[in-house]
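1. Below: sequence and its predicted model.
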Amino acid sequence: MPAPESTPDAENVWNLADLYASPQDPTVSSEMEKSLRAARDFQSDYQGKEIVSLDPPDFLRALKRYEAILEEGLKPFLYGSLLFSEDTQNAEYKSLLQKGKEAWNQLENALLFFRLALTCLPESRLKDFEDYPPLRDYRHALEFHRRFQPFTLKEKEEEIVNRKNLTGRSAFTNLFDEFTGSFVFQLKIGEEEKELTGSEMLALLHSPDRELRERAFRTFLQHHGQNSLVLAALFNALILDHRVEDEIRGYKEPMQRTHLENEISPEAVELMMGATETYYPLAQEYFQIKACLLGLPKLKNCDIYAPLPGGHRVLPLAEAKDLLLRSFGRFHPLFGRIAAEFFEKQWVDAKIRKGKYGGAFCSGLTPSLHPYLLLNYTGNLRDALTLAHEMGHGIHFYLARKQTLLNFDPPLTLAETASVFGEMIMAQALLRDEGDLEVRQALLCAEIEDIIATVFRQNVLTRFEQAVYDLRRDHLLSGEEIGNLWWRENEKLFGKAVEMVPEYRWGWSYISHFIHSRFYCYSYIFGELVVLTLYEKYLEEGETFIPGFVRLLESGGSASPDVLLARLGLDVNRADFWERGFKVIRNLIDELKSLGPWEKICVRQNL
Ligand SMILES: [Zn+2]
């Protein structure tokens with residue numbers, strides 16, 4: 001429950017009363033029932049009818065009704081999820097979320113026929129609908145659904161695939177989650193023998209103790225290696241499953257479906273990945289600097305995220321908030337105003353408390369509601385950047401409320417646009433205000449490491465996935481073979497700058513993206529490089545850049561990423577498009593290098 005306004009912590013806890021008065025509010029249940037009824041009425045009005053032959057005005061009416069039912073149905077479900085994230089141990093919240101989930105599922109099932117009808121819309125009808133001006137706003141949504149038409153099976157076949165997936169793909173992904181989730185690691189920390197979970201082990205990569213970092217990482221990987229029989233079998237089965245389904249649906253190559261979902265051409269993706277590879281030396285240059293800062297001759301791959309002395313700078317929430325409002329406001333008064341509204345109206349939950357979800361997120365909700373932010377603010381620099389990141393998301397959703405639900409969510413590849421931008425603005429403001437050299441170094445390193453993890457590492461992951469899918473066409477792969485491909489791609493990135501620990505051969509086996517959503521990782525590269533490009537454009541053009549940027553955010557998901565970016569004069573299909581993003585990384589590294597005194601600490605490395 002939100003704290004009453006009179007308590008001093010009220011401003012750090014969100015107020016969900018804009019949704020419902022309380023979890024006991026009878027409106028929660030009555031609205032759930034109302035939207036389910038509306039979905040069933042819609043079903044009986046339209047199912048079995050020739051939706052494609054409706055007149056454009058009738059079709060528009062149906063589409064708007066469909067959209068309104070979805071929007072109303074989402075509200076109680078999203079309320080349950082927000083409450084649950086506030087206190088995951090609260091039985092009342094848990095059961096409300098469960099109830100909301102079930103109601104939402106029923107609603108989606110009742111409306112499924114309409115979604116399929118949209119997918120099957122013939123070209124000629126689409127043309128008629130586009131000629132009817134009030135339907136033009138839905139053009140992108142309709143076209144998006146239609147993209148999958150050639151790969152959609154008959155209703156009965158879709159049902160068979162779905163039902164067989166329960167014992168096929170879903171069973172394997174669940175087994176992966178449960179199996180790796182059950183791993184327990186024994187590790188001696190100081191004098192104590194500890195039992196740790198996988199995420200606790202990986203968190204030790206941020207420990208200041210080098211010996212501990214290495215021992216934790218190697219123990220973690222060894223354990224995966226000992227279970228490689230199961231892990232390799234799961235991976236093999238899933239790759240084959242994807243291939244079989246691709247063949248049934250008519251996809252020509254393993255990445256095609258992902259490209260369609262992302263609305264990006266395969267050529268643009270290849271240009272982007274090729275460009276990223278040519279810039280691997282930038283990452284290597286950074287790794288050498290990091291080694292210097294840590295006083296090491298060379299990094300091992302368990303040292304990449306080692307903390308720097310300046311990283312311990314404390315920044316209380318009030319200070320971070322103040323800096324955020326000033327820096328966002330300096331960027332554009334509108335950004336400052338919206339961010340202030342988030343705090344004034346208690347749309348931000350930053351306070352740490354027992355049972356609260358451990359990460360950070362922005363929930364955009366729906367166009368008729370406003371977004372909420374959740375984070376766990378402990379007071380370090382990373383938290384201040386996370387606050388700016390989530391606020392960026394919040395502003396994106398806030399501005400996209402001009403759209404209706406079907407055009408609201410930004411495409412996946414542009415979803416991080418405002419958030420990363422917000423983070424850059426905040427980091428620059430922190431750097432401007434900071435006099436301590438070590439803190440400045442730590443800040444720049446945090447920024448660069450984020451980019452390396454989002455751009456370069458994801459490129460390695462995607463190249464590895466491509467290689468594995470390729471080889472699996474030929475035969476069943478052993479854990480060693482998969483490990484060799486993994487090693488080869490990582491070696492390209494690390495070059496001579498980073499030594500991999502021998503057990504890193506099993507590094508592929510814990511990455512859940514490979515199991516849950518193949519080829520997902522390249523969308524991170526795309527998203528990050530686009531934002532860096534936009535940031536570079538902003539630095540170049542100054543204020544004149546901003547109106548177009550605001551329009552981009554206001555557009556939500558009303559057009560595909562290439563169309564949205566073309567409005568800003570950017571063409572992702574041009575070979576040189578990706579260069580600008582790398583220029584930002586180059587500049588950050590140069591800025592870090594300018595913070596010397598390098599002659600003292602890097603004399604051995606000849607940097
Ligand atoms: Zn984000």
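-> In hand now; what should we look at?
2. from here on, contacts and neighbour counts on C-alpha atoms
-> Fine.
3. residue boundaries of the helices in the stretch 401-550 of the chain?
-> Taking DSSP state H, counting those that start in this stretch, the helices of the stretch 401-550 of the chain run over residues 417-433, 437-451, 457-472, 479-494, 512-516, 522-541, 546-554.
4. Can you list the buried residues in the second one?
-> Of all the residues in helix 437-451, those buried under the rule 16 or more other CA atoms under 10 Å are 438-449, 451.
5. next one: the shortest one
-> Within helix 512-516, the residues that count as buried by 16+ other CA under 10 Å are 514-516.
6. How confident was the prediction at R472?
-> At R472, the model reports a pLDDT of 93.
7. follow-up on the earlier one: select, out of the helices of the stretch 401-550 of the chain, the one closest to L97.
-> helix 512-516 (23.3 Å; CA to CA).
8. okay, among the buried residues of helix 437-451, which ones form the most distant pair?
-> Between any two of the buried residues of helix 437-451 (CA to CA), the greatest distance is 20.1 Å, for E438 and I451.
9. What are the boundaries of the helices in the stretch 151-300 of the chain?
-> 155-167, 169-181, 198-203, 210-226, 228-249, 256-262, 266-278, 280-294.
10. Please work out which residues outside the third one touch it.
-> Contacts of helix 198-203 from elsewhere in the structure, counted by CA atoms under 8 Å, 6 or more residues apart in numbering, are 180-181, 183-185, 216-217, 220.
11. Let's see the PyMOL selection covering just the buried ones among those residues.
-> The buried residues among these can be selected in PyMOL (16+ other CA under 10 Å) with this line:
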select buried, resi 180+185+216+217+220
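12. nearest to M391, of the helices of the stretch 151-300 of the chain?
-> Per CA to CA, nearest to M391 of those: helix 256-262, 24.1 Å.
13. residue contacts, W347?
-> 13-16, 371-373.
14. and which of the residues you listed is nearest Y79?
-> L16 (7.9 Å).
15. how deep is that closest one tucked in, by neighbour count?
-> For L16, the tally of surrounding residues (other CA atoms under 10 Å) stands at 18.
16. ditto for the one 10 residues further on
-> Other residues within reach of P26 by the criterion other CA under 10 Å amount to 11.
17. Export the buried residues of helix 512-516 as JSON lines, with columns for pLDDT and distance to E541.
-> Formatted as JSON lines, the buried residues of helix 512-516 follow (pLDDT from 0 to 100; distance: CA to CA, whole Å):
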{"residue": "F514", "pLDDT": "94", "distance to E541": "40"}
{"residue": "I515", "pLDDT": "93", "distance to E541": "42"}
{"residue": "H516", "pLDDT": "89", "distance to E541": "41"}
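18. Pick the one among those residues closest to D137.
-> Nearest to D137 out of these is H516 (CA to CA; 33.0 Å).
19. Relative to F144, which of the helices of the stretch 401-550 of the chain is closest?
-> helix 522-541 (17.5 Å).
20. any weak-confidence spans in the stretch 101-250 of the chain?
-> Within the stretch 101-250 of the chain, the set of residues satisfying pLDDT under 70 is empty.
21. buried stuff in the strand or helix carrying S124?
-> Here S124, judged by DSSP states H and E, is contained in helix 123-131. Neighbour-count burial for helix 123-131, counted by 16+ other CA under 10 Å, picks out 126, 129-130.
22. What is the distance between that helix and the centre of its chain?
-> 34 Å (CA atoms, centre = their mean, to the nearest Å).
23. Beyond it, next helix or strand please.
-> In N-to-C order, the element after helix 123-131 by DSSP H and E is helix 139-146.
24. what's that following helix packed up against?
-> Counting contacts by 3 or more CA pairs under 8 Å, 6 or more residues apart in numbering; DSSP states H and E, the secondary-structure elements packed against helix 139-146 are helix 91-119.
25. buried stuff in the helix it packs on?
-> Applying 16+ other CA under 10 Å to helix 91-119 flags 92-94, 96-101, 103-104, 107-108, 110-111, 113-114, 117-119 as buried.
26. in this protein, which helix has the most residues?
-> helix 56-86 (DSSP state H).
27. Having no further points to raise, I will conclude here.
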